[in-house]
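Peer 1: Got a predicted structure plus its sequence, pasted below:
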Amino acid sequence: MTTPFRCSIKTLRFDENYEPAQSTRLTTNFANLARGERRQENLKNTINMINKRFNDLANWDNPTSDRYSIELDIVSIDMQVQGDADIFPAIEVLKTYIIDHKTGQRLDGIVGNNFSSYVRDYDFSVLLAEYNKNKSEFSVPDNYGELHGKLYQYLVSSDEYKALSPKAPVICLSVATTRTYHRTDNHHPILGVEYIQNDYSLTDEYFKKMGLSVRYFMPPKSVAPYAFYFKGDLLNDYTNLELIGTISTMETFQKIYRPEIYNANSAAGKTYQPSLNYEDYSVTKIEYDREERRLLAIKQGEFTKEHFINRHRDLLAQWANTDVL
């Protein structure tokens with residue numbers, strides 16, 4: 001079947017003057033930070049945290065710990081379905097740029113980092129709730145995540161994406177609170193110590209359908225491992241500075257969003273199960289409303305159901321070769 005979509009990409013700088021676009025998925029970490037009375041202070045403190053962490057990790061030939069700074073672009077990849085005049089905001093990711101103040105260079109960083117998706121909101125916040133209503137035991141549909149996975153792979157293989165970056169995205173998320181992770185002897189100079197687990201989480205399985213593998217690393221001076229989702233070879237396809245850009249950016253967001261895990265006062269041990277019920281942690285000075293984020297995810301999932309899933313059900317099912325629930 002001929003691909004019934006057209007995609008387009010636009011970028012918006014994330015800095016202390018950032019204001020979310022109307023099409024931005026408001027549950028996105030960076031959009032949540034940019035709202036309210038303290039929006040500019042939130043943004044400035046967030047960027048300062050990212051830059052400090054970057055220089056902490058990129059410490060060679062950097063005696064005063066201020067050689068580098070990060071610039072962030074919000075990358076919105078939109079879709080237009082054949083025969084529909086409306087634009088659907090498919091996914092949003094972040095692209096890092098590394099400013100080397102010693103050489104004057106502006107280096108490309110990794111695309112991905114944060115990952116936001118309206119269809120993912122629908123799958124996790126609407127579809128699963130409807131599917132499990134009145135069931136005694138939680139389960140997922142047989143084809144759960146297949147449509148989203150194929151949409152993602154279509155978008156990142158498009159000419160529009162390739163013009164943005166020759167490298168595949170790397171997405172860095174929190175580890176699952178429902179799984180136990182075990183430290184290994186494998187140690188990477190930037191990514192840190194590797195953890196493994198033998199039972200993939202629902203998110204891990206969902207990202208697998210997007211064509212992504214996962215590895216878990218706890219970077220130097222971090223207190224918990226992160227889940228890195230990637231295609232290809234995470235350790236060899238990206239430079240040290242590219243990896244540091246992702247770590248410094250996403251560690252900052254996770255310290256704000258999940259301080260119980262990523263701003264804990266003690267580091268993960270050999271065996272580690274993350275929990276949002278830990279009480280021994282520090283909070284940042286940056287305001288973030290997790291409950292608002294949860295409610296917005298439901299709202300945006302309902303939007304997706306009405307304006308994308310139901311409106312184009314037959315076409316999507318035919319293109320993806322799977323049922324669209």
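Peer 2: Okay, I see it. Numbering: from 1, shown residues only.
Peer 1: Would you mind listing where this protein has pLDDT under the threshold?
Peer 2: Flagging of the chain using pLDDT under 70 yields the residue ranges 1-2, 20-38, 287-291, 322-325.
Peer 1: Would you state the strands of it in chain order?
Peer 2: 5-14, 68-81, 88-100, 105-117, 170-174, 181-188, 192-196, 213-218, 226-230, 271-272 (DSSP state E).
Peer 1: ok, Leu52 - contacts?
Peer 2: You called it Leu, but residue 52 is Lys. Applying C-beta atoms under 8 Å, 6 or more residues apart in numbering to Lys52 gives the contacts Ser65. Bear in mind the C-beta positions are built from the backbone N, C-alpha and C, glycine included.
Peer 1: and what of Val156?
Peer 2: Taking C-beta under 8 Å, 6+ apart as the test, what Val156 contacts is Ala168, Pro169.
Peer 1: With Phe228 instead?
Peer 2: With the criterion set at C-beta under 8 Å, 6+ apart, Phe228 makes contact with Val170, Ile171, Cys172, Leu191, Val214, Arg215, Tyr216, Phe217, Leu234, Thr246.
Peer 1: pretty sure Gly192 is touching Val223, no?
Peer 2: No: look at Gly192 against Val223 with C-beta atoms under 8 Å: they stay out of range, at 11.0 Å.
Peer 1: thought Ser139 was touching Asn132?
Peer 2: Yes: using C-beta under 8 Å, Ser139 is in contact with Asn132, at 6.8 Å.
Peer 1: Counting neighbours, go ahead and name the busier of those two.
Peer 2: Remark: of Ser139 and Asn132, Asn132 carries more neighbours, 14 against 10, as counted by other C-beta atoms under 10 Å.
Peer 1: what about the closest residue to the more buried one other than its chain neighbours, neighbour count?
Peer 2: In space, and not counting its chain neighbours, Asn132 is closest to Phe138: 5.5 Å by C-beta to C-beta, 6 or more residues apart in numbering. By the criterion of other C-beta under 10 Å, Phe138 has 9 neighbours.
Peer 1: Kindly reformat the strands of the chain as CSV containing distance to Arg311.
Peer 2: Compiled in CSV, the strands of the chain are given as follows (distance: least, C-beta to C-beta, whole Å):
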stretch, distance to Arg311
strand 5-14, 13
strand 68-81, 8
strand 88-100, 9
strand 105-117, 17
strand 170-174, 28
strand 181-188, 41
strand 192-196, 42
strand 213-218, 32
strand 226-230, 29
strand 271-272, 43
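Peer 1: for those, which one sits closest to Met250?
Peer 2: Shortest distance between Met250 and those, using C-beta to C-beta, is found for strand 170-174: 4.0 Å.
Peer 1: Name the surrounding residues that touch the closest one.
Peer 2: Under the criterion C-beta under 8 Å, 6+ apart, residues 93, 110-115, 203, 207, 212, 226-230, 234, 238, 246-247, 249-250, 254, 257-258, 261-262, 274 lie in contact with strand 170-174.
Peer 1: Could you double-check that Asn45 lies in contact with Lys255?
Peer 2: No: using C-beta under 8 Å, Asn45 makes no contact with Lys255, being 11.0 Å away.
Peer 1: Mutual contacts of those two, please.
Peer 2: Taking C-beta under 8 Å, 6+ apart as the contact criterion, the common neighbours of Asn45 and Lys255 are Thr284.
Peer 1: These two: which is more packed in?
Peer 2: The residue with more neighbours, out of Asn45 and Lys255, is Lys255; 24 against 19, by other C-beta under 10 Å.
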